[in-house]
Every structure is written in structure tokens, then in C-alpha cells.
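**Student:** coordinates for the following, if possible.
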Amino acid sequence: MNDGLPILLDYQRRWIEETAAIAVCEKARRTGFSWADAAERVVHAAEGRGSVYYMSYNKDMTETYIGDCADWARKLNQAVGDVLEETVVEDDREILRFRIHCASGRDIIALPSNPRVLRSKGKPGDVVVLDEAAFCDDLEELLKAAIAVTQWGGQVRIISTHNGDDNPFNELVTDIRAGRQPYALHRVTLDDAIADGLVRRICSVKGVEWKPETDPSWRAEQVAKYRSSDAADEELFCIPRRGAGAVFPRVLVESRMHEAPVIRYDGSGDFNMLAKGLRSLEMETWLEEELGPLLQRLAPNRRHVIGGDFARSGDLSVYAPLEIGETLKRTAPFLLEMHNVPHVQQVQAVRYICDRLPRFSGGAFDARGNGSYLAEEMVDAYGSIVEAVMLSEAWYRENMPRYKAAFEDDRIAVPRNDDVLDDHRAIRMVRGIPRLPDGQTAAGRHGDSAIALALAWYASEQDAAPIEFETLGPRESVAAIDSYVGHGLGRGVFGGYLQ
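**Tutor:** Now for the predicted structure:
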């Protein structure tokens with residue numbers, strides 16, 4: 001090939017360099033993934049590190065893979081024999097397999113996707129490759145048999161495009177993202193492959209001139225081949241098809257609810273017209289009366305975090321503290337909802353909470369749009385234990401499955417409240433990602449408490465140490481700032497507490 005690219009493109013190289021005992025890849029169709037995997041397995045067997053057992057859902061795929069292995073052996077000048085087609089007996093049943101025997105004494109064997117044929121396999125260093133796993137019959141049993149290979153130092157590699165949301169392969173991918181399975185996860189969409197040079201490589205193989213404008217036109221041609229966007233999303237962009245059902249079933253959310261208040265502050269027109277100083281005093285009085293007693297009841301020896309979803313007037317702002325218990329279960333002691341409240345007073349309210357959370361260990365705040373103001377203020381005030389989060393598709397894809405897993409595993413408790421239930425029920429699968437759809441999900445709401453709690457959960461999973469401090473009152477703060485400015489220290493020392 002004279003396309004100037006390495007033999008293996010970057011996404012292929014990352015896969016064969018993976019060292020985890022069990023690795024999974026969700027991929028787009030026809031990106032050369034199995035072909036690249038074959039290269040690594042040839043080297044593995046030829047060097048005597050272990051035998052390789054390849055399994056897929058039909059005979060054509062096994063023949064293609066074993067043929068790729070033979071081609072790689074020739075290209076890499078590895079000492080291997082011819083491809084042998086054999087009929088053997090496994091568990092009293094005749095099965096067809098393809099085998100390449102290496103001079104090292106190791107084999108590359110392509111087998112049908114029957115869990116029984118793996119039961120006697122698994123010597124130190126052996127590798128099991130499950131290709132197009134989403135299309136294999138009884139994948140769960142196949143995985144059980146394959147994973148046993150790792151007990152003696154072997155490896156398992158699971159590769160597939162998606163085949164529906166309720167398929168065991170997608171459930172496996174979701175479990176990995178949720179942190180239930182400690183496996184390595186790779187994801188290669190058509191766009192990822194194009195960015196790494198796939199179209200350029202195809203042009204080189206076909207003897208066609210490649211130009212930068214070839215990439216988008218070729219991509220459009222591939223998408224147009226599918227009769228529906230759902231089919232193209234699944235085949236090319238790693239988005240499994242599913243119905244429009246809620247991600248959080250009602251019974252699941254209700255089972256994780258406990259008695260805890262949801263406190264709400266509505267900013268009236270008269271309140272918003274007050275001078276800033278008067279608004280601050282009125283807000284301080286309200287906070288002392290409504291939130292002060294709740295904060296005083298928090299366990300002083302437990303770590304606490306907070307998440308926040310900001311809105312100025314249309315939707316609600318929701319701020320959700322979480323207590324991290326002895327068993328690491330997270331419990332929301334209350335929620336604060338604010339509607340039509342100026343930015344400065346929302347900062348004041350959140351600062352009031354954070355300053356009084358025992359062993360305050362972290363926060364995460366939605367930094368999209370107007371939320372960037374509050375998020376930046378919190379970062380200024382508390383430093384690196386607080387994160388300003390852009391709620392992108394990537395964030396939802398990586399973190400919402402983990403949040404849902406907390407409900408499924410009984411590791412979170414949220415306030416028993418109908419709006420909180422509806423907010424969680426509003427989360428849908430959008431292009432294969434659990435997230436909120438655009439627009440309001442209920443009158444005056446947009447899943448606000450679900451996002452605030454998900455951000456709090458995210459904050460609770462970050463590596464952060466609690467900070468211990470004693471907040472200064474407004475007058476003391478002014479004096480302290482004047483003192484520090486006099487010594488050449490800037491306003492950032494106090495995070496701009498007085499606005």
C-alpha cells in the first residue's frame with residue numbers, strides 16, 4: 001500500500017495493543033476490525049504465547065477469519081502450516097473446525113459458536129475471540145465459557161456491531177459503562193474509522209485517487225445505502241435500536257425513594273426588583289429558616305457532595321446534595337428547587353449549602369448556557385473538587401448508565417416526590433444514548449431533578465478529598481479581603497464570595 005498510512009490504522013492498532021484480560025469492542029460494520037485482530041493472533045500463536053480460538057455465528061465468517069490469519073502469516077513470515085478443515089468430536093457431537101498449526105506448537109482454531117466446545121479449552125496464554133458476538137446464539141452461555149479461559153492467564157476478545165438494545169451484547173457494553181464489569185471497552189464508529197484513514201485505505205486498495213473531499217462523499221454514500229436512519233445508526237454508528245420506552249422504569253425509581261423534603265423558592269417580581277443588597281438579605285433569611293435546620297441534621301462524619309442543574313426563568317434550577325454512607329450508598333437528604341431566581345441569589349443559595357455540608361468532597365454543575373456563570377463561581381469558590389460539566393452526548397453515554405446502575409444495585413436513595421419520579425421517567429434513549437430529549441418533559445420542567453442527582457452521583461465518584469473550613473460572615477469577609485489585597489493577594493482567594 002502506498003497511501004502513506006501505517007499497515008494498521010490507529011483504531012486497529014489500539015485494539016491489538018490492548019492488554020486487558022477481557023476487552024470488548026462495539027464497532028461499525030466493515031471497518032477491518034477482524035482483519036486487524038487476525039494479525040495479532042497470528043503473532044501470538046507463532047511466538048508460542050498461546051493458542052487462539054475464534055468463534056462467530058456462521059461458517060463464512062470463520063472461513064474468512066482463518067483465511068486472514070493465513071495471509072498475515074505469509075506477510076509476517078511466520079512459520080505456520082496450511083489451513084486444515086477438520087471434523088472432530090466435541091462432547092459426543094461432530095463439529096467442523098478450521099485449524100492452522102504453528103511451528104511453535106500452538107494452533108489457531110476457528111470453531112462454531114457453541115459454548116460446549118470451549119469447556120475443555122484454556123491453557124495459560126490462550127486467547128478466545130468472539131466475533132460479531134451480538135449475532136451469536138446463546139451469547140450469555142458463550143461468554144461464561146469464554147471468560148473461564150482467563151483463570152489461567154488467557155485473554156478474551158469480544159467484537160461486534162450492535163443487534164438491538166435488548167441484545168446481551170448491548171447489555172454487556174452497558175454494564176461495562178456502568179462500572180459493573182471491569183473490562184476494557186473500545187468504540188469505533190464509521191466516523192472514527194474515517195478520521196483514522198479508512199477511506200484513504202479503501203481508495204489505495206481499489207487503486208482510486210483519494211482527496212480530502214472523498215471522505216464526506218463516501219460517508220454519505222454508505223449512510224444512503226440503508227433504508228432507515230435507525231438501521232444506519234446501528235450498523236455504522238454503534239447506536240443500538242430500541243423502542244421509545246423510559247430508561248428508568250417507574251417501579252425501579254419508586255423502590256429507591258425515601259422520605260426527604262423538596263424545598264422550593266419562587267422568585268416573585270417584587271423580589272427580583274429589589275436592590276441586590278436587599279435581595280441578599282431576604283435570601284439569607286429564607287435560607288436560614290428553610291435549609292438551616294436540614295443542614296444541621298446532616299451526619300458530621302459523612303462525606304457530602306452536590307450536583308446542580310441551572311435555569312434562570314423557564315425551567316427549574318435544582319440543587320441536590322448527597323450523603324455518602326458507610327456502605328457507600330448515596331442518600332439525598334433534600335433537594336432545593338429554584339424558579340425565576342437571579343444568578344447572584346442562586347450562587348448565594350448554593351454557597352450556603354456547600355459551606356455547611358459536612359466533609360464537603362465535591363460538586364458537579366451543569367455549565368451549559370447560563371449555567372456557566374454559577375458553575376464558574378463554584379469552581380472559583382471551592383477549587384478543583386468542583387467541576388463545571390458540559391452535558392454532551394459523550395457525558396451522557398459514559399455516565400448515565402452508571403447512574404442507572406446505582407438504582408438497580410440499591411446504591412442511591414432519592415426524595416419520595418412525584419416530580420422527581422417524572423423527571424427520571426423523562427430520560428429516554430436518544431440516538432442510542434440515555435439522556436433528556438430536547439424541550440420540556442412536563443409543565444415547567446425538563447427532567448431537572450434527575451440531571452441534578454445524576455451530576456451529584458458523578459461528583460461522588462470523582463477522586464476528591466473533603467475540605468475543612470469555617471465560613472466567614474459577610475463583614476468578616478470584607479475585612480479579610482481588604483487585608484489580603486493589601487498583601488498583594490487577589491480576589492480569587494475567596495472565590496468572589498461577595499457579589
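**Student:** residue nearest the centroid of this structure?
**Tutor:** What sits nearest the mean C-alpha location of the chain, by Cα atoms, centre = their mean, is residue 398, with 1.1 Å.
**Student:** what's whatever helix or strand it lives in packed up against?
**Tutor:** Here residue 398 sits within helix 393-408, counting by DSSP states H and E. Counting contacts by 3 or more Cβ pairs under 8 Å, 6 or more residues apart in numbering; DSSP states H and E, helix 393-408 packs against helix 168-177, helix 250-255, strand 433-435, helix 448-461. In this view, the C-beta of every residue, glycine as well, is placed from N, C-alpha and C.
**Student:** hmm, 10 Å instead?
**Tutor:** helix 168-177, helix 250-255, strand 412-415, helix 418-425, strand 428-430, strand 433-435, helix 448-461 (3 or more Cβ pairs under 10 Å, 6 or more residues apart in numbering; DSSP states H and E).
**Student:** among those, which is the most enclosed?
**Tutor:** Compared across the helices and strands packed on helix 393-408, helix 448-461 shows the largest average neighbour count, a mean of 27 (mean count of other Cβ atoms under 10 Å).
**Student:** and that one with helix 393-408, angle?
**Tutor:** Interaxial angle of helix 448-461 relative to helix 393-408 (axes from the mean of the first three to the mean of the last three Cα atoms, to 10 degrees): 90 degrees.
**Student:** helix 448-461 vs helix 418-425, what angle?
**Tutor:** Computed by the same axes, to 10 degrees, the angle separating helix 448-461 from helix 418-425 equals 70 degrees.
**Student:** got the CA coordinates for helix 448-461 in CSV?
**Tutor:** The C-alpha coordinates for helix 448-461 follow below in CSV (Å, rounded to 0.1, in the frame of the first residue of the first chain):
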residue,chain,number,x,y,z
ASP,A,448,-34.3,18.9,36.2
SER,A,449,-34.0,16.8,39.4
ALA,A,450,-32.8,13.8,37.5
ILE,A,451,-30.0,15.7,36.0
ALA,A,452,-29.0,17.4,39.3
LEU,A,453,-29.0,14.0,41.0
ALA,A,454,-27.0,12.4,38.2
LEU,A,455,-24.4,15.2,38.5
ALA,A,456,-24.3,14.7,42.2
TRP,A,457,-23.7,10.9,41.7
TYR,A,458,-21.0,11.8,39.1
ALA,A,459,-19.3,14.1,41.7
SER,A,460,-19.4,11.3,44.3
GLU,A,461,-17.4,9.1,42.0
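**Student:** chain center to it: distance?
**Tutor:** Centre-to-centre, helix 448-461 and its host chain are 14 Å apart (Cα atoms, centre = their mean, to the nearest Å).
**Student:** can you list contacts of the helix or strand residue 217 falls within?
**Tutor:** Element membership for residue 217 (DSSP H and E) is helix 214-224. Helix 214-224 has contacts (Cβ atoms under 10 Å, 6 or more residues apart in numbering) with 28-30, 190-191, 193-195, 197-200, 202-203, 208, 210-211, 229, 231-233, 235-237.
**Student:** so what does the helix or strand just after that helix touch, helix or strand wise?
**Tutor:** Downstream of helix 214-224, the next assigned helix or strand under DSSP H and E is helix 229-237. Secondary-structure packing of helix 229-237 (3+ Cβ pairs under 10 Å, 6+ apart): helix 190-195, helix 214-224.
**Student:** right, and those - which one's nearest residue 309?
**Tutor:** In terms of Cβ to Cβ, the element of these nearest to residue 309 is helix 190-195, at 29.3 Å.
**Student:** now for the helix or strand following that closest one, which elements pack on it?
**Tutor:** Downstream of helix 190-195, the first helix or strand assigned by DSSP H and E is helix 198-206. Secondary-structure packing of helix 198-206 (3+ Cβ pairs under 10 Å, 6+ apart): helix 10-16, helix 190-195, helix 214-224.
**Student:** list the buried residues in the last one.
**Tutor:** Judged by neighbour count (16 or more other Cβ atoms under 10 Å), helix 214-224 contains these buried residues: 214, 215, 218, 219, 222.
**Student:** what's the neighbour count on residue 42?
**Tutor:** Burial of residue 42 is recorded as 25 neighbouring residues (other Cβ atoms under 10 Å).
**Student:** how near is it to residue 32?
**Tutor:** For residue 42, the distance to residue 32 (Cβ to Cβ, to the nearest Å) stands at 15 Å.
**Student:** quick check: phi and psi on the residue lying closest to residue 428 once chain neighbours are set aside?
**Tutor:** Nearest non-adjacent residue to residue 428, counting by Cβ to Cβ, 6 or more residues apart in numbering: residue 437, 5.4 Å away. Main-chain torsions, residue 437, degrees, to the nearest 10: phi -70, psi 160.
**Student:** contacting residues around residue 437?
**Tutor:** 244, 426, 427, 428, 429, 430, 446, 447.
**Student:** I'd assumed residue 450 was in contact with the fourth one.
**Tutor:** Pointing back at residue 428 there. No. Look at residue 428 against residue 450 with Cβ atoms under 10 Å: they stay out of range, at 11.3 Å.
**Student:** mind showing which ranges of the stretch 51-200 of the chain have poor pLDDT?
**Tutor:** For the stretch 51-200 of the chain, the stretches flagged by pLDDT under 70 are 85-95, 120.
**Student:** how about the strands in the stretch 251-400 of the chain?
**Tutor:** 257-258, 262-266, 303-309, 317-324, 330-331, 335-339, 360-366, 386-389 (DSSP state E, counting those that start in this stretch).
**Student:** show me what contacts residue 297?
**Tutor:** Applying Cβ under 10 Å, 6+ apart, the residues near residue 297 are 333, 334.
**Student:** do you know how far it is from residue 261?
**Tutor:** Distance from residue 297 to residue 261, by Cβ to Cβ: 11 Å.
**Student:** between these two, which contacts overlap?
**Tutor:** Counting by Cβ under 10 Å, 6+ apart, the shared contacts of residue 297 and residue 261 are 333, 334.
**Student:** my guess is residue 363 contacts residue 375. True?
**Tutor:** Yes. Under the criterion of Cβ under 10 Å, residue 363 makes contact with residue 375 at 9.1 Å.
**Student:** do a quick rundown of the strands in the stretch 1-150 of the chain.
**Tutor:** Remark: strands assigned in the stretch 1-150 of the chain by DSSP E, counting those that start in this stretch are 22-27, 52-56, 80-90, 93-102, 107-112, 127-131.
**Student:** and the last one, how far out from the chain middle?
**Tutor:** When you say that, I think you mean strand 127-131. That offset, for strand 127-131, works out to 24 Å (Cα atoms, centre = their mean).
**Student:** now do it against strand 107-112, angle only.
**Tutor:** Using the same axes, to 10 degrees, strand 127-131 lies at 40 degrees relative to strand 107-112.
**Student:** just checking: what are the partner strands of strand 127-131?
**Tutor:** With DSSP bridges as the test, strand 127-131 is paired with strand 52-56 (parallel), strand 155-160 (parallel).
**Student:** can you say which of these is nearest to residue 10?
**Tutor:** strand 155-160 (16.8 Å).
**Student:** and the direction of that closest one versus that of strand 22-27, what angle?
**Tutor:** Using the same axes, to 10 degrees: strand 155-160 against strand 22-27 is 20 degrees.
**Student:** could you give the angle of strand 155-160 to helix 168-177?
**Tutor:** Following the same axes, to 10 degrees, one obtains 120 degrees for the angle between strand 155-160 and helix 168-177.
**Student:** coming back round to it: export the helices and strands packed on helix 198-206 as CSV, with columns for distance to residue 108.
**Tutor:** Shown next, in CSV, are the helices and strands packed on helix 198-206 (distance: least, Cβ to Cβ, whole Å):
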stretch, distance to residue 108
helix 10-16, 15
helix 190-195, 25
helix 214-224, 31
